[in-house]
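> Here you go, sequence then predicted model.
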Amino acid sequence: MTTKKKKAAGKSAIPDFESALKELETLVERMEQGETSLEDSLKDFERGIELTRQCQQALKSAEQKVQQLIGEGEDARLVEFDDD
């Protein structure tokens with residue numbers, strides 16, 4: 001993979017995460033209603049597992065990037081994120 005492709009993939013990671021999370025939330029809501037057939041529920045569950053793994057990978061990648069950026073200086077240290 002070229003550097004250009006890596007950068008393009010990195011830029012799309014956040015929107016992909018957010019769209020995957022939104023789809024996952026939709027699947028959960030539909031499954032909680034319990035009005036779908038067993039076959040459709042199993043398909044939704046399978047898709048939910050795929051989306052969960054995708055989201056976990058995106059979060060892991062983002063965490064690694066943050067740790068790498070923080071650790072670039074001589075005084076490399078982990079800094080807790082404060083969302084306020």
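Yes, it's here.
> which residues in the chain form strands?
In the chain, no strands are defined using DSSP state E.
> For the closest residue to residue 36 other than its chain neighbours, give its distance to residue 55.
Excluding the flanking residues, the one nearest residue 36 by Cβ to Cβ, 6 or more residues apart in numbering is residue 30, at 6.3 Å. Placement of C-beta: from N, CA and C, glycine included. Using Cβ to Cβ, to the nearest Å, residue 30 is found at 18 Å from residue 55.
> hmm, back to that, distance check, the residue nearest to residue 36 against residue 63.
30 Å.
> Between these two, which is the more surrounded one?
residue 30 (15 against 11; other Cβ atoms under 10 Å).
> Now that that one has come up, it's in contact with residue 43, right?
No. Counting by Cβ atoms under 8 Å, no contact exists between residue 30 and residue 43, whose distance comes to 10.8 Å.
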